[in-house]
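K.L.:
after the sequence you'll find the predicted model.
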Amino acid sequence: MLKVICFGEALVDMLSTGSDGGAPEQFRKFPGGAPANAAVAVARLGGAAWFAGMLGEDMFGRFLHDALRDYGVRTDYVRFTGEARTGLAFVSLDAVGERSFEFYRPPAADLLFRSEHLPDTAFTREGILHICSNSLTEQGIAQVTEQLVQRARDNGWLVSFDVNLRHNLWPAGTADRAIVLRLLRQADLVKMSREELDYLAEGDPEFVSTLLRQGAALVLVTDGARPLHWYSHCDRGELLPPQVDTVDTTAAGDAFVGGLIYQLAQQRVGAPAIRAWLESDALMRVLRFACACGAHAASMEGAFSSLPNQRSIRAFGSALSCEFDFPNEERLP
């Protein structure tokens with residue numbers, strides 16, 4: 001089993017419970033944040049996941065730290081600061097579970113994490129580093145993200161990048177395309193939505209092919225309940241995810257990428273092995289599993305609480321007649 005480090009923001013999702021009879025909309029707190037969700041997804045499935053990030057010394061920071069630990073994520077690389085508060089995201093849901101966000105960030109504690117907060121020992125064994133674009137929104141944290149990616153690559157780690165654009169977190173109101181592209185060129189595994197692909201490609205039909213030529217081994221383009229498109233250095237294809245009644249899409253993408261990373265970690269598919277692995281017949285089985293994890297999360301409320309464990313994903317797949325391989329559980333000592 002490879003070690004997995006998910007770096008970036010952990011924040012509190014204030015999730016709408018709706019309004020009843022004209023009463024004011026109400027919100028309930030849930031632990032969240034894309035890289036934190038991915039770490040929990042890996043851990044719940046039986047993987048060895050660490051979260052690396054900064055939390056505020058406040059009630060929300062302690063809530064997140066305890067939730068990460070309770071869901072099996074290792075918190076050795078979590079740091080606390082009194083210089084900023086933990087970030088909040090208010091999430092409203094429409095009738096089909098799609099989200100709109102209002103972020104209370106910046107300022108926020110996660111933006112104050114620095115490279116020296118992650119010790120050199122973090123990268124001593126082979127592993128996978130997972131990042132998202134919300135740690136690129138300001139110059140300081142963007143520089144740290146690039147430094148950590150370089151440290152991971154220098155130690156032979158596989159780098160996973162979920163684009164996960166939240167334009168309203170960027171100072172200009174839209175994501176800085178140049179910064180995101182710079183990180184895309186350093187990632188082995190890239191996951192983005194159809195809308196994110198359209199934004200970044202700017203109409204270039206060769207955009208994905210260019211990413212593959214620049215070094216990406218696998219590019220995944222999700223599109224909600226519509227087919228997933230995948231592209232590798234040796235092939236391409238599509239896969240229809242399981243069709244479910246959507247309740248809340250808050251962590252569906254993170255569940256998908258967490259399921260994928262878990263499978264890679266369990267099969268010990270790191271940076272040195274991924275291209276040979278992609279030439280085998282394993283990819284489609286793993287993608288079916290990852291899609292089932294995403295559908296599982298979309299069918300439930302919340303972020304951490306909607307992510308599957310071994311028992312629930314087996315039951316979920318069986319109920320939908322969704323066939324996928326589930327590797328034997330194996331944990332680091």
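P.N.:
Done, it's in. All values reported here derive from a predicted model rather than from experimental measurement.

K.L.:
ok, the least confident helix or strand in the chain by mean pLDDT: who's next to it in the sheet?
P.N.:
Lowest by mean pLDDT, DSSP states H and E among the helices and strands of the chain is strand 99-104, with a mean of 79. Using DSSP bridges, the strands paired with strand 99-104 are strand 88-93 (antiparallel).

K.L.:
quick check: what element follows the least confident helix or strand of the chain along the chain?
P.N.:
strand 127-132 (DSSP states H and E).

K.L.:
now the next helix-or-strand element following that next one: buried residues?
P.N.:
Per DSSP H and E, strand 127-132 leads on to helix 139-154 as the next helix or strand towards the C-terminus. Within helix 139-154, the residues scored as buried using 16 or more other C-beta atoms under 10 Å are Ile141, Ala142, Val144, Thr145, Glu146, Leu148, Val149, Arg151, Ala152, Arg153. Using the backbone N, CA and C atoms, a C-beta is placed for each residue, glycine as well.

K.L.:
list the residues that contact the last one.
P.N.:
Residues touching Arg153, when contacts are defined by C-beta atoms under 8 Å, 6 or more residues apart in numbering, comprise Val159, Gln186, Ala271.

K.L.:
skipping adjacent residues, who's closest to the last one in space?
P.N.:
It stands for Ala271. When the adjacent residues along the chain are set aside, Ala271 lies closest to Leu158, with 4.2 Å between them (C-beta to C-beta, 6 or more residues apart in numbering).

K.L.:
buried stuff in the helix or strand containing Phe60?
P.N.:
If you go by DSSP H and E, Phe60 is part of helix 59-70. For helix 59-70, the neighbour count (16+ other C-beta under 10 Å) marks Phe60, Gly61, Phe63, Leu64, His65, Ala67, Leu68 as buried.

K.L.:
give the pairing partners of the helix or strand following it; include direction for each.
P.N.:
Reading on from helix 59-70 to the C-terminus, the next helix or strand found by DSSP H and E is strand 74-81. Strand 74-81 pairs in its sheet with strand 48-56 (parallel), by DSSP bridges.

K.L.:
so how far is the strand it pairs with off the chain centroid?
P.N.:
13 Å (C-alpha atoms, centre = their mean, to the nearest Å).

K.L.:
CA atoms only for it, dumped as CSV, please.
P.N.:
Taking C-alpha atoms only, strand 48-56 is exported to CSV below (Å, rounded to 0.1, in the frame of the first residue of the first chain):
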residue,chain,number,x,y,z
ALA,A,48,-3.2,5.0,4.4
ALA,A,49,-4.1,8.7,4.0
TRP,A,50,-2.5,11.8,5.6
PHE,A,51,-4.0,15.3,5.4
ALA,A,52,-1.5,18.2,5.2
GLY,A,53,-2.8,21.7,5.9
MET,A,54,-3.3,24.6,8.3
LEU,A,55,-6.4,25.0,10.5
GLY,A,56,-7.4,27.9,12.7
